[in-house]
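In: Predicted structure and sequence below. I'll ask about it afterward.
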Amino acid sequence: MIESLSLSLRRTPLGHLKNVPAGVLQADLLHALHRGEIEVLFQPQFTCHGDAMTGAEALARWRHPTLGEIGARDLFAIAEGAALVAPLSRHVVARALDEAARWPDHLTLSLNITPEELGDPCFAADFAALIARSAVAPARLMLEITEDLLLNNLPQAAAALQALRALGFRIALDDFGAGFCNFRYLRELPLDALKLDRAMLEGVPDDPKALAVLQAIIRLSQALDLAIYAEGIENEAQRAAVAAEGGNYWQGFLRAEPMPSDGVMALAQAGAASRAKV
C-alpha cells in the first residue's frame, strides 16, 4: 500500500515532521478538521487481465499550510497523540462515501479500518449505520485491515468482521508480506481478498526466490478462494508477472497515482468510451 489509514500500533511521525513539536501538530490538526482541510484522494485499482478499472482505495492527505503535504501514516500518528483518531477516521470515511456516491455503480471503494475502530465493540453496528445513511451500497465496499489490528483481540475482530460481511461488506487483509504474515488469520477471519504489500513484489520477476514466494502465496489464496490484489506495481514486468501467476487485481504508480475523485470519474468515462468502440 502506498499509504493507508491502517497503521502500526506504535506510530511516530516521520521525515520532515520529526523536528516539529507534537503539540503544535496536534493543535493544527484539530483546526484542520474543523475547517475541513483533510482531503481524500483515491488510487484506482485495475483487473490483471483486461486492465479495466474496478474501483479505488481511499487515502487521506493533509495539505498543511507551512509543512506541505502530510500523508496518512503521519496524519494518523498525529491524530493518535491528540486523541483525534475517531473523528479523523469518520471525516475520511464520510468524504470518501460522498465522492464514491457519484461514481458508476460498478466501481468499488476500499476503506482502511484503524486499530481503534476494530477494537471498539460497537464498531460493526456503528459502521453499518453510517453506511446505511450513505448512497453507497455495502456490496460496493471493501474494508481493509492489517495484521497489527488483530494482535490484541482476534476473536473480537473476527466477530466484528463477520457481522459486517453478513451485511454484504467485503473484507481484505491488507499489507500482506510487510509484517508477520500470520497464516492463522487466513484460516480464522472471514476474508474475501488478500492484498499483497509491495515488498512481496521486490525482485519479481527476475529473482527466482521472490517469484517462487509470489507463486506460493497466490496458489494458497486460490485454494482459500481469496481474490489477490497486488499493491505498489511500478513497472510492466511486475504487473505481467502477477497476471501470469493468477493475480486478480493491481494498483500502483505504473498506471495511476492517488488522485481526486474527478480523476477517478475521468478514468471511468475513458474506459467506458474505449469499451464502446470495441
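Out: That came through, no problem.

In: where does the closest residue in space to residue 101 that isn't next to it in sequence land in three-state SS?
Out: Closest residue in space to residue 101, ignoring its immediate chain neighbours: residue 135 at 3.9 Å, by Cβ to Cβ, 6 or more residues apart in numbering. (Glycine included, C-beta is placed from N, CA and C.) Put simply, residue 135 is coil when judged by DSSP: H, G, I helix; E, B strand; the rest coil.

In: Look up how far residue 271 lies from residue 231.
Out: 21 Å (Cβ to Cβ, to the nearest Å).

In: Sketch out the helices for the stretch 151-278 of the chain, chain order is fine.
Out: 154-166, 183-188, 208-223, 236-244, 261-277 (DSSP state H, counting those that start in this stretch).

In: Now do the first one, average pLDDT.
Out: Per-residue confidence for helix 154-166 averages out to 92 on the pLDDT scale.

In: now stretch 24-41
Out: On average, stretch 24-41 scores 92.

In: What lies in contact with that stretch?
Out: 13, 17, 58-64, 75, 78-79, 81-82, 84, 87-88, 91-92, 95-96, 99, 258-261 (Cβ atoms under 8 Å, 6 or more residues apart in numbering).

In: Enumerate the positions of that stretch that are buried.
Out: Counting neighbours by 16 or more other Cβ atoms under 10 Å, one finds that the buried residues in stretch 24-41 are 25, 26, 28, 29, 30, 32, 33, 38, 40, 41.

In: Give me the subset of those residues that lies in strands.
Out: Here DSSP state E is the test, and the buried residues of stretch 24-41 give 38, 40, 41 as lying in strands.

In: What is the nearest of those residues to residue 139?
Out: Among these, residue 40 lies closest to residue 139 (Cβ to Cβ), at 20.9 Å.

In: distance of the closest one from residue 141?
Out: Taken as Cβ to Cβ, the span from residue 40 to residue 141 is 14 Å.

In: Could I have the CA atoms of stretch 167-174 written out in CSV?
Out: In CSV, the C-alpha atoms belonging to stretch 167-174 read as follows (Å, rounded to 0.1, in the frame of the first residue of the first chain):
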residue,chain,number,x,y,z
LEU,A,167,-24.4,-7.4,5.7
GLY,A,168,-22.7,-7.5,2.3
PHE,A,169,-19.4,-5.8,3.0
ARG,A,170,-16.2,-7.5,1.7
ILE,A,171,-13.1,-7.8,3.8
ALA,A,172,-9.4,-7.7,2.7
LEU,A,173,-6.3,-8.5,4.7
ASP,A,174,-4.0,-5.6,3.7
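
In: which other residues reach it?
Out: 1, 4, 6, 108, 110, 112, 128, 131, 137-139, 141-147, 161, 164-165, 185-186, 189-195, 229.

In: Filter those residues down to the buried ones.
Out: Among the contacts of stretch 167-174, the ones that count as buried by 16+ other Cβ under 10 Å are 1, 4, 6, 108, 110, 112, 128, 131, 138, 141-147, 161, 164-165, 185-186, 189-191, 193-195, 229.

In: Can you list which of the residues you listed are found in strands?
Out: Using DSSP E, these in strands are 108, 110, 112, 141-146, 193-195, 229.

In: Take these and write them to CSV, including pLDDT.
Out: Listed next are these as CSV, based on pLDDT from 0 to 100:
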residue, pLDDT
108, 98
110, 98
112, 92
141, 98
142, 98
143, 97
144, 96
145, 92
146, 85
193, 98
194, 97
195, 97
229, 98
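
In: Mind picking the two most distant members of the residues you listed?
Out: 108 and 146 (18.9 Å).

In: pLDDT below threshold where in the stretch 151-278 of the chain?
Out: 151-152, 278 (pLDDT under 70).

In: Alright, calling it a day.
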